[in-house]
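**Q** next comes the sequence, and after it the predicted model I'd like to discuss.
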Amino acid sequence: MDWNWDFTWEILPELLEGLRTTVIATLCGYVIALVLGLVWTLLRRSPSRILNQTVRWVTEFIRSTPLIPQLFFVFYVLPSWGLTIGPLTAGIITLGIHYSTYTAEVYRAGIADVPKGQWEACTAINLPRSRVWLDVILPQAIRRVIPTLGNYLIAMFKDSPMLLVINVSEVLLVAYQEGGRTYQYLEPITVVGVLFVVVSVISSILVRRLERRYATT
Amino acid sequence: MPPPDTTAGSPTPEESGGASTGEGVSTQKSDVAKGGATKGVAATELPRGAAPGIRFEKVVKRFGHNVVLRELDFTVGPGERVTLIGPSGSGKTTILRLLMTLEKLDDGLIWIGDETLWHMKRGDKRVPANQKHLHEMRKQVGMVFQQFNLFPNMNVLRNLTEGPVRVLGLSKDEAVERARGLLDMVGLADKIDAHPSQLSGGQQQRVAIARALAMQPKVLLLDEVTSALDPELVVGVQDLLRDIARQSDLTLLCVTHEMTFARDISDRVLMFDQGQIVEEGPPDQIFGEPSEQRTRDFLQAVLAT
Amino acid sequence: MSTVLDSYEQWLDGAWVTVQLTVYGCALALVLALAFGLAGTSRRWWVRVLNRIYVEFFRGTATLVLLYWFFYALPLVGLKITSPMTTAVLALGLNVGAYGAEVVRGSINAVPRAQYEATVALNFTPFQRMRRVLLPQAFALMLPPFGNLVIELMKGTAIVYTIGMVDLTKVSKNIQGFSGETVAPFLAVLVLYFVIAQVLQLFIRYAEWRVDRMLGRRPSREPSVSTVAAGAPGAGVSG
């Protein structure tokens, strides 16, 4: 069987439309992951043992179970509780929650990396607790972890095709449907594969730049 | 060609069995119990017989634009003990590392015995050495490092037997026997199953010395071997090396900042600065009445600390 | 809830598929990681290029896209992989192996240079240096990231649901399909995955403990004479 260029050009606009959905899902999910991850991290530092142990096990649970059954859970269970949401919304929420457990670990490591002397200096000048976090600790911690957070954005992008299990019309599902319609799977799926490699490699290069830029702290 | 064997040669072990070197903690128990008998074991383990001389001929070594050794010439006689002193960055350690093939030679020739280390003969021409030639030449050379560099994935015994078994092709039993003898000599027979991390720095360095000797080198390189030790552990290691020097025929090249040790151990001292020999002579002369201002300045600075 | 419990045989079969995928996938990933990771430390530039191509390509692709490509596209060019299990193991192994190769390469490069120098001083051959000293030490550095990759691979196995293999995820979907229940089957499947992950963690912890002991990072369980003696008065017989 030979590669059919005409067919390739014919399906490309639809594939790019699918890619748009993929990117939207990834970016929206990423925002949730960044914010919720920080919430987990701060809750884990709470003095209440019950609270921080609960958070610890909940995040551990989410992190060590696969995304696909989690998508099912959110997509099928929430409506039975009276919350009706579309597939894309369910996908974004799940992706965001799933990766928030990773970003939480990243933040935690970043905060642990801030030298102890910084805390002591804050105590020495009697800075209020909120200022310590907002002005001293978090700015330093986040700066350190920016490249790692960038890597998780790429990881989310590569996991986003899984949203097809709840019928989100992301790029792989579009390709699959095109293939099914014409019985020509080779071109659409290969194009998707190439798109992913191209986007991932380019973004990896960008992340490496970030690493170099933030390496000198 | 390297110089003929005219050097004073190895000092005769007249004090053989002189176990009591005074302050050495480890030897205290032995002079009560067995007197001189302990060193008898040692002698059988130490390399004896003709050691090769070493000659540097217009040796050049650069790191980037920085020329560390500039057409350096010097000779070490067979069985001679030579100490290299001088300010840091003067190229002393580079000389040892070139001899151990840890750094590549940029220009010139290095002779070990009547063969060149970094070049081999092909017909009449001298061509850069291949891995096989380096492997052959390295058989004669051993090195003890500043940071010991014991293998943390092996216990003490395996640190000592790995090389003899894998490289020299000894049987397991022969290698273990050799290792036991050497551990006895360095006073650590009871640590044979210990792990490097369970040993003090001084003990690790003794094991490292035993490991180097287990390969039965003819030339031993000592690269600031006591610099990383806590002050109270330095003397024990130095005493051990003194005994080894006294009782073996090794050609010894030593880089150190311990001037007393340098004086004790060496037949000759070379004072280096900026990759060149400023002054050389017997230890008494160099430490007693140095003729060069740079040597005087250096010694003053070192002894002041 | 009872439907979920009554279908325990399906759950067991599904779990078995998931476990098989994890084990075979890890085995393939480990082999690829070692081969390409070692290639990344080679002195020959073209061997290092092989490492870069493999790593960049397979880290760049999404596992699910790779699986679809193997499963739907490859047969059309005449390459038919006979079983879905093989296809899935290939996709998972190739992907995770690329991450593993970076771990292997990084760990070997992280072994202190002094260790390499000691092997030269003892006249080891390049193969012996790697086999006897560098790899065993690098292994300790590899273990924690390898542990994470094992969990990631196990989670990744859920993608086989999309090519019709009956793994844990597919079982939960089937049960939801015929019983109409949602909370019970999906919660159950998540708990099952969590249990598998925790068991894998135990294995990883054990391996880390073993390696730490080999490298003497912690005192061994049976304290040796020297450790006991170290506490005794007057035992300061040291260099």
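**A** In hand now; what should we look at?
**Q** please enumerate the helices of the stretch 51-200 of chain B.
**A** Here the stretch 51-200 of chain B has its helices, by DSSP state H, counting those that start in this stretch, at B:92-99, B:131-138, B:156-166, B:172-185.
**Q** reformat these as CSV; add mean neighbour count and distance to C:Thr162.
**A** C-betas here are computed from N, CA, C, even on glycine. Converted to CSV, the helices of the stretch 51-200 of chain B look like this (neighbours: other C-beta atoms under 10 Å in any protein chain shown; distance: least, C-beta to C-beta, whole Å):
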stretch, mean neighbour count, distance to C:Thr162
helix B:92-99, 23, 58
helix B:131-138, 16, 51
helix B:156-166, 22, 50
helix B:172-185, 18, 55
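**Q** format these as CSV; extra columns: mean pLDDT and distance to chain A.
**A** Output for the helices of the stretch 51-200 of chain B, formatted as CSV (pLDDT from 0 to 100; distance: least, C-beta to the nearest C-beta, whole Å):
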stretch, mean pLDDT, distance to chain A
helix B:92-99, 93, 30
helix B:131-138, 91, 35
helix B:156-166, 93, 35
helix B:172-185, 94, 43
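**Q** list the contacts of the residue lying closest to B:Leu98 once chain neighbours are set aside.
**A** Leaving aside its sequence neighbours, B:Leu98 sits nearest to B:Leu105 (C-beta to C-beta, 6 or more residues apart in numbering or on different chains; 5.9 Å). By C-beta atoms under 8 Å, 6 or more residues apart in numbering or on different chains, the contact list for B:Leu105 reads B:59-61, B:98, B:117-118.
**Q** flag every buried residue along stretch A:190-201.
**A** A:190-193, A:195-197, A:199-200 (16 or more other C-beta atoms under 10 Å in any protein chain shown).
**Q** hmm, C:Asp212 is touching C:Phe139, no?
**A** No: checked against C-beta atoms under 8 Å, the pair C:Asp212 and C:Phe139 is beyond contact range at 11.1 Å.
**Q** neighbour count for those two, which is higher?
**A** For C:Asp212 versus C:Phe139, neighbours defined as other C-beta atoms under 10 Å in any protein chain shown are more numerous around C:Phe139 (19 against 14).
**Q** if we can go back for a sec, now the residue nearest to B:Leu98: how far from chain A?
**A** Note on B:Leu105: its distance to chain A, by C-beta to the nearest C-beta, to the nearest Å, is 35 Å.
**Q** quick one: that residue from B:Leu99, how far?
**A** 10 Å (C-beta to C-beta, to the nearest Å).
**Q** do the same with B:Asp243
**A** The value you get for B:Asp243 to B:Leu99, if C-beta to C-beta is used, is 23 Å.
**Q** in the chain, what spans have low per-residue confidence?
**A** In the absence of a named chain, this looks at chain A. Residue ranges of chain A with pLDDT under 70: A:1, A:215-217.
**Q** sorry, should have said chain B
**A** Within chain B, the stretches falling below the threshold (pLDDT under 70) are B:1-49, B:305.
**Q** got the contact list for the residue positioned nearest the centre of it?
**A** The geometric centre of chain B, computed from its C-alpha atoms, lies nearest to B:Leu221 (C-alpha atoms, centre = their mean), at 2.8 Å. By C-beta under 8 Å, 6+ apart, the contact list for B:Leu221 reads B:96, B:99-100, B:141-144, B:253-254.
**Q** ok, now which ones touch the most centrally placed residue in chain C?
**A** Nearest to the geometric centre of chain C sits C:Val150, at 3.6 Å (C-alpha atoms, centre = their mean). Going by C-beta under 8 Å, 6+ apart, C:Val150 touches C:22, C:26, C:200, C:204.
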